[in-house]
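Colleague: What follows is a predicted protein model with its sequence.
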Amino acid sequence: MEWLADTLVLSRLQFALTAIFHMLWPVLSTGLAIFLVVLEGFWLRTGNPLYYRQARFWAKLYVLNFGIGVASGLPMEFQFGTNWAPLSEFVGDFFGSVLGFEGAMAFMLEAGFLGIMLFGWNRVPAAIHFLATVMVAFGANLSVFWILSANSWLQTPAGGTFSEGHFHVQNYFAAINNPFMLRSVLHMSLATVETSMLVVAAVSCWWLLRRGAAEAVRSFFAFSFQLALVILLVVAPLQVVAGHESALQVAEHQPTKLAAIEGLWSSEPAGSSPAWSLLVAPDEASGRNRWNLAVPGALSWILEGRSSLSHEVRGLNSWPADQRPRMVGLLFYSFRLMAGIGIAITLLLALTLLLWWRRGLSADTLSSFPWLGRAWILAAPAGYLAIEAGWLVRCVGRQPWTVYGQLRTAEAASQLPAGEVLASLSTFAVLYAVLLGCALWFGARIIRRGPDLSLMPPVQGVPQEAGIEPSAP
Amino acid sequence: MDFLELFMPAVWFVILALFLLLYVILDGFDLGVGILSLTSPSETQRSILMTSLGNVWDANETWLVLMGGALFGAFPLAYGTILKALYGPIYLMILGLILRAVAFEFRENAERKRPWNLMFGLGSVLAAAAQGICLGTVLAGLPTDAQGHFTGSPWIWLNWSSLLVALTLIQGYVLIGSTYLILKTSGELQDLHRRTARLAAATTLAGALLITLATPFVSSTLKERLFDPQFLPVFVALPLVGIALIVQLFRSLALEQEVWPFVYTVLLFVLSFAGLGLMVFPAIIPPSVTIFDAHASITSLVFMLTFIGVLIPIMLFYNIYNDIAFSGKMPHPAEAE
């Protein structure tokens, strides 16, 4: 239990815990926001109240999720000052400005228009309401951009020089557009949309499989399922490509992380055709795998699309122990979990679309293949799992560095009394467990209650007084 | 030092002060309404209170996030030093804000409202108290070494002067929350909050007087500034204007005006803020680290200013639009259906 008195370990644990928990919520805030834009756009074009009711129903899940996302985002920002003060000083010139930009451009946009989007249906003209929904979605996605740009900069710092314990920015645009930025932003944006659509599909399938659901409700969810599938058709295959591209940029810029996620201990020279491990039992103390299950000759195909390596791929043993990540097993399996889920979802999608094409995808078709609906219900938590696993690979794999190659995590941490950090860490652990439980409970309740199919769209041109409805006592 | 090296840090000091002021006013009334919700006589009335914040609390809280990001970017040293020194109260504030936010969302969906009501109110109290403690501790000064790193005790914030500021800030939030509710409600609820406004105005005034009297004893730097002949006219004028505003506030409450109590309260907040700003400027980590020691590189400050500076009027514009869209009285729940 030595780690209980180690401020560095506790601060890292706290960052990991708060980041893992926080990451659960922006997924819907960004991805589902785009879905809401699509629905409202349909409604404005066609005037069909179905789309309006769709928008109102999914917005309920959106709000529940949003509040927790905002609240759990606060410790993320303030932790840089409280627990990582040396980091703040080291990189503040750039990293701090980016967080400032995120606040001013993204958060404020999202927050400033959220009120109108949620409560303004009867208060503002339809076009303004649509604008508000678009701005909420735009703001949320801009924040993905800034956060991923900032995090990418920690992975591949660019745009300036390091001296006297400071990063001096020379070219802001080069720093923002650092080598990892573009593909990371794309990968994360696709992940939020994909997982949000998995949530929509899961909720829809749950209703479609539910015995005794009214016909109107079934057709409501058949529509949302189909729309989610159409969006997934675009997003899921793209994500497989974007994920692969992200792995390639790791290979190019972060060889230590690549070696860990591939479980490679010894270097593979150019011209060789090494095997690609599917399963390994890493033994970090002796620097080898106890056993592995591998596909012969596959590594060069995955990394370069050819039968032998054109460059050397370095193994973990080629670096001193204090210059490469630990927890190789975690990195190796998190990566496979993420990639496996991404591929499995794409296959599930292909199967469902095949069925749709052959049989027509109505509520009835789905009831004759209940396993298909169940698979979609499982796909939603799998989507979240893939995102968390991806972040683990990204940030644990960057260790022992906070700023890759420049600032060690051990040097980035504030010197604090361990008791203080332990107190905040345990408070978060208890609080977040309760919050997650409550959010799932209330989310399930919203889903069980289903949509309000008697809801009528606001009549344009007739000013209505009752705008916000206070909840009944 | 050339012009930019004097000018840019000062500009960012002003921008940060502006963000903080906007936060304290806007989320101040949210937190004040949250605290007042603990005293609501009925669930219906509490519903009206909470609904009056539904469309604004999130945007209002965002000014704090923005202030944090801007402080991080413009004065990285201050961000690290101040937050590390205030570890305890910062996390208490975050805890309070989390409790408030989730209680808001969960209460909407809950059948049993009581636990969430309590969480909403107590979260607001906790956040307000922790903010007051942070403010009080920073004003009293943080001991630092030559590099500007904090050298004091982790319990530096636990003292009577910080507690006094915390209590006063809570009163101030209750005051601005009450006057916001006078604006947004009618009838019985409005009468109730005229009474809470009067009470809170009296206690805030008492707190402000005590703080003013205590200041020379808490910090020698602040004492010097207060009695600096250069600043003396300002520090004589500020309390006089303050007293005039408080008289006006009580008058408008007695006349049952709806908008003016809120306006006078906002002006009182602005005035107190101007006073505090003048007392500490140019220190960013009082007493000894100034904005000229702690700022990010001038190119960073210029770059941030071009991005964020342009956005400030735009942010204000759509926030004001939001307020206009929802202006007017809260409908009674029974009438809203």
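Modeller: Ah, there it is.
Colleague: for residue 124, what are its contacts?
Modeller: Just going to use chain A. By Cβ atoms under 8 Å, 6 or more residues apart in numbering or on different chains, A:V124 lies in contact with A:116, A:132, B:325. Placement of C-beta: from N, CA and C, glycine included.
Colleague: sorry, should have said chain B
Modeller: By Cβ under 8 Å, 6+ apart, the contact list for B:S124 reads B:30-35, B:37, B:96, B:100.
Colleague: Of those - the most surrounded one?
Modeller: Neighbour counts for the contacts of B:S124 (other Cβ atoms under 10 Å in any protein chain shown) peak at B:L31, which has 33 neighbours.
Colleague: Wasn't it part of a helix?
Modeller: Yes - per DSSP: H, G, I helix; E, B strand; the rest coil, B:L31 lies within a helix segment.
Colleague: Please report how far it lies from B:F19.
Modeller: According to Cβ to Cβ, to the nearest Å, B:L31 and B:F19 sit 17 Å apart.
Colleague: Please name the nearest non-neighbouring residue to A:I343.
Modeller: Nearest residue to A:I343 in three dimensions, chain neighbours excluded: A:V240, at 6.3 Å (Cβ to Cβ, 6 or more residues apart in numbering or on different chains).
Colleague: mean confidence for the helix or strand harbouring the one you found?
Modeller: Taking DSSP states H and E as the criterion, A:V240 maps to helix A:215-253. Mean per-residue pLDDT for helix A:215-253: 93.
Colleague: Between helix A:215-253 and the strand or helix carrying A:L354, find me the angle.
Modeller: Assigned by DSSP H and E, A:L354 belongs to helix A:328-359. On the basis of axes from the mean of the first three to the mean of the last three Cα atoms, to 10 degrees, helix A:328-359 is oriented at 140 degrees to helix A:215-253.
Colleague: For helix A:328-359, the averaged confidence score.
Modeller: Average pLDDT, helix A:328-359: 93.
Colleague: other SSEs contacting the following helix or strand past that helix?
Modeller: Sequence-wise, the next helix or strand downstream of helix A:328-359 (DSSP H and E) is helix A:363-368. Contacts defined by 3 or more Cβ pairs under 8 Å, 6 or more residues apart in numbering or on different chains; DSSP states H and E place helix A:363-368 against helix A:181-209, helix A:215-253, helix A:328-359.
Colleague: Can you lay out these as TSV showing distance to A:N151?
Modeller: Rendered in TSV, the data for the helices and strands packed on helix A:363-368 read as follows (distance: least, Cβ to Cβ, whole Å):
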stretch	distance to A:N151
helix A:181-209	7
helix A:215-253	12
helix A:328-359	16
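Colleague: Buried deepest among those helices, which one?
Modeller: Ranked by mean neighbour count, those are led by helix A:181-209 with a mean of 24 (mean count of other Cβ atoms under 10 Å in any protein chain shown).
Colleague: which residue is nearest the middle of chain A?
Modeller: Among the residues of chain A, the one closest to the centroid is A:I387, at 4.6 Å (Cα atoms, centre = their mean).
Colleague: is it true that that one touches A:A191?
Modeller: Yes - using Cβ atoms under 8 Å, A:I387 is in contact with A:A191, at 5.3 Å.
Colleague: can you redo the contacts of A:V124 as a markdown table with neighbour count?
Modeller: Below are those laid out as a markdown table (neighbours: other Cβ atoms under 10 Å in any protein chain shown):
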| residue | neighbour count |
| --- | --- |
| A:I116 | 24 |
| A:A132 | 24 |
| B:A325 | 19 |
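Colleague: In helices only, show me the residues you listed.
Modeller: Among the contacts of A:V124, the ones falling in helices (DSSP state H) are A:116, A:132, B:325.
Colleague: Run the angle between the helix or strand A:G69 falls within and helix A:215-253 for me.
Modeller: Per DSSP H and E, A:G69 falls inside helix A:49-82. Angular relation of helix A:49-82 and helix A:215-253 on a 0 to 180 degree scale: 40 degrees, by the same axes, to 10 degrees.
Colleague: Could you confirm whether helix A:49-82 reaches chain B?
Modeller: Yes - residues of helix A:49-82 contacting chain B under Cβ under 8 Å from any Cβ of the partner chain: A:63-64, A:66-68, A:70-75, A:77-78, A:80-82.
Colleague: wait, which of those is closest to chain B?
Modeller: Using Cβ to the nearest Cβ, A:G81 is the member of these that sits closest to chain B, with 2.8 Å.
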